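Student: Pasting a predicted model and its sequence here:
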Amino acid sequence: MEDLELDQVTQVINYHPRFLDHFLRTQNFIMDGDGPLPYDYRYYLAIIAAARHQCPYLVKMYEKKFINQGGKAEWLNGLDYIPSKLRAIYDINKILAHRPWLLRKEHIEGLTKGKNSWSLSEVVHAMVLLSHFHSLSSFVFSCGLTQKLDGLSSPKLKTAPAILSAAQQQLSTNQPLPPLQQQIPQQPKAVLSEITINNNNNVLDHSNHQLYNNNVPNISGSPSMPTDITTHGATSNGVAKYTPSGSPQPNVPVEALVERMKVLSQKHDECSEAELSNRFKSVEMQTAELPAAALEAAIEVPPIISHYIEDPTFTYQDFARRGAENIPSTFRVQDYSWDDHGYSLVNGLYSDVGTLLDQKFRAAYNLTYFTMGGYRNVDTSKFRRAIWNYIQCIYGIRHDDYDYGEVNQVNKCLLDRPLKMFIKTACCFPERITTKDYDSILVELQDSEKVHVNLMIMEARNQAELLYALREIMRYMT
Ligand SMILES: CC(C)C[C@H](N)C(=O)O
């Protein structure tokens, strides 16, 4: 059963088999391969990481795995029932998930000193796991994947999200399976019928809603996620408490995007270092104003995972507020980058993982089919780079050689507002993603292309967290 559930995520990622290969290699290694942490710790870290983002889908999946590999059932009663050593890393889980810029070398020092202390290799293993599952929670929500859980979803919602059924169809028909994929068991239809659209902990009556076109794979490019439910934002009395997609915003047509990418790759805007820095700041500032952040309505934590969460009100904070608290807000990649620093530090402390992560990040960053909606032979690198850098900008990370004008400037920008809102919500408040949000972005693109965007969100976010984590480890070591 558990493997089949994992398969739901796997099958959606399998829209992009080249990436899936790297994803599974990494995930299998950090969960089951050689490494400093004991297995029960690894699985428990997956649970508390997913719980930080209120992702019952992953929490339940990893509870089962935790038990299957011999974990003590008592730990599943919550944070008060785990060994003090494991408990001691909770603060790092919380900070990494929501405000990684607050991490200090003192946090690491605190863990590695005294009774029940952690070795540095164990800390690195834990950080790799935590960031993996924070990011995977973003992916699960952004693709609308979840499972039917008692008290969490309407029993009437019993069909698979269209992107999953489309992915399945692709798997079972024309898609030649890569070697790794052949090892994955096919999922019986009965299990698929258990999957529901994620709808947080609100039970709504959807009987009047046409939810989604379950059996037809979407290959025409029209959006196929449910269009007329607002489950995430609605309370049980139907009052919306969170509507990130509030006023309708125009999408930039793909035709215009393709044209903009062409123009951008032909001419280079010569501009000063100060101007580049200003452009970064203005993207950050504008991001802070997007509604995903403005609403800090108390989100009710689903009771079935609340025992894994401490301090639920600690959430993402925008650049504007970070500035007010006098926190040095920009992380400059020229000072600490994955390629030059992070990669070798991880490899040194937890062998082989740096290489696996590196290949996974590259696979996500470079993945392309040279298509965009109905267009073929398009160089999409400008668009993909804009997405990647925008995600990291949300976490205050600046790529010094990048012109953030490509993200923001009027009539030139590659990311329109609905897409920026979606990205920000998926990264920072994934549990609030609505199907409306999914539908409002990139309406001319195929589902596989939207999943591609979601993969980039997952990986760019994963890397952002690791950059902060590893920089502090480096500071602690020197
Ligand atoms: C995210 C997508 C627009 C990516 C595009 N389909 C490509 O092949 O590069």
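Tutor: Great, that's in hand.

Student: Run through the stretch 351-478 of the chain and note the low-pLDDT ranges.
Tutor: 410 (pLDDT under 70).

Student: who in it is up against the ligand?
Tutor: Counting by Cβ under 6 Å from any ligand atom, the stretch 351-478 of the chain comes close to the ligand at 368-372, 380, 383, 445, 449, 452-453. Every residue, glycine included, has its C-beta placed from N, CA and C.

Student: what do you get if the cut-off is 8 Å, keeping everything else the same?
Tutor: Residues of the stretch 351-478 of the chain found near the ligand (Cβ under 8 Å from any ligand atom) are 367-373, 378, 380-381, 383-384, 387, 442, 445-446, 448-450, 452-453, 456.

Student: Just the residues you listed: which are in helices?
Tutor: Cross-referencing those against helices under DSSP state H gives 381, 383-384, 387, 448-450, 452-453, 456.

Student: Now, of the residues you listed, which are buried?
Tutor: Buried subset of those (neighbour count, 16 or more other Cβ atoms under 10 Å): 383-384, 387, 448-450, 452-453, 456.

Student: could these go into CSV alongside distance to residue 137?
Tutor: Listed next are those as CSV, based on distance: Cβ to Cβ, whole Å:
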residue, distance to residue 137
383, 25
384, 22
387, 19
448, 21
449, 22
450, 18
452, 19
453, 16
456, 16
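
Student: Out of those, which is nearest to residue 288?
Tutor: Using Cβ to Cβ, residue 387 comes nearest to residue 288 of these, at 18.5 Å.

Student: The closest residue to residue 301 other than its chain neighbours: what secondary structure?
Tutor: In space, and not counting its chain neighbours, residue 301 is closest to residue 312: 5.1 Å by Cβ to Cβ, 6 or more residues apart in numbering. When classified by DSSP: H, G, I helix; E, B strand; the rest coil, residue 312 comes out as coil.

Student: Show me where the stretch 201-350 of the chain has its helices.
Tutor: All helices of the stretch 201-350 of the chain, identified by DSSP state H, counting those that start in this stretch, fall at 254-266, 273-289, 291-294, 319-324, 343-349.

Student: between those helices, which gets the lowest average pLDDT?
Tutor: Per-segment mean pLDDT for the helices of the stretch 201-350 of the chain reaches its minimum on helix 291-294, at a mean of 53.

Student: State the three-state secondary structure for residue 36.
Tutor: When the rule is three-state DSSP, residue 36 gets the label coil.

Student: On the pLDDT front, check it for me.
Tutor: On the pLDDT scale, residue 36 gets 97.

Student: Report how many residues lie close to it.
Tutor: For residue 36, the neighbour count with other Cβ atoms under 10 Å is 18.

Student: residues contacting it?
Tutor: Applying Cβ atoms under 8 Å, 6 or more residues apart in numbering, one finds that residue 36 lies in contact with 119, 121-122, 124-125, 350.

Student: Next up, the contacts around the closest residue to it other than its chain neighbours.
Tutor: Spatial nearest neighbour of residue 36, chain neighbours left out: residue 121 (4.2 Å); criterion: Cβ to Cβ, 6+ apart. Contact analysis of residue 121 by Cβ under 8 Å, 6+ apart lists 36, 349-350.

Student: Kindly report the same for residue 379.
Tutor: Applying Cβ under 8 Å, 6+ apart, the residues near residue 379 are 261, 265, 370.

Student: For the residue nearest in space to the middle of the chain, I want the exact helix or strand it lies within.
Tutor: By Cα atoms, centre = their mean, the chain has its centre lying nearest to residue 138, at 3.0 Å. Assigned by DSSP states H and E, residue 138 falls within helix 120-142.

Student: what mean pLDDT does that helix have?
Tutor: On average, helix 120-142 scores 97.

Student: I'd like the distance from that helix to the chain centre, please.
Tutor: Remark: helix 120-142 is offset 10 Å from the chain centroid, using Cα atoms, centre = their mean, to the nearest Å.

Student: tell me the angle the helix or strand encompassing residue 458 makes with helix 254-266.
Tutor: Residue 458 belongs to helix 447-477 when elements are defined using DSSP H and E. Counting by axes from the mean of the first three to the mean of the last three Cα atoms, to 10 degrees, helix 447-477 lies at 40 degrees to helix 254-266.

Student: list the buried ones in helix 447-477?
Tutor: Neighbour counts over helix 447-477 (16+ other Cβ under 10 Å) mark 447-473, 476 as buried.

Student: For the ligand, see how far away residue 80 is.
Tutor: According to Cβ to the nearest ligand atom, to the nearest Å, residue 80 stands 44 Å off from the ligand.

Student: Chain neighbours aside, what residue packs nearest to that residue?
Tutor: In space, residue 80 is closest to residue 307, 7.8 Å off (Cβ to Cβ, 6+ apart).
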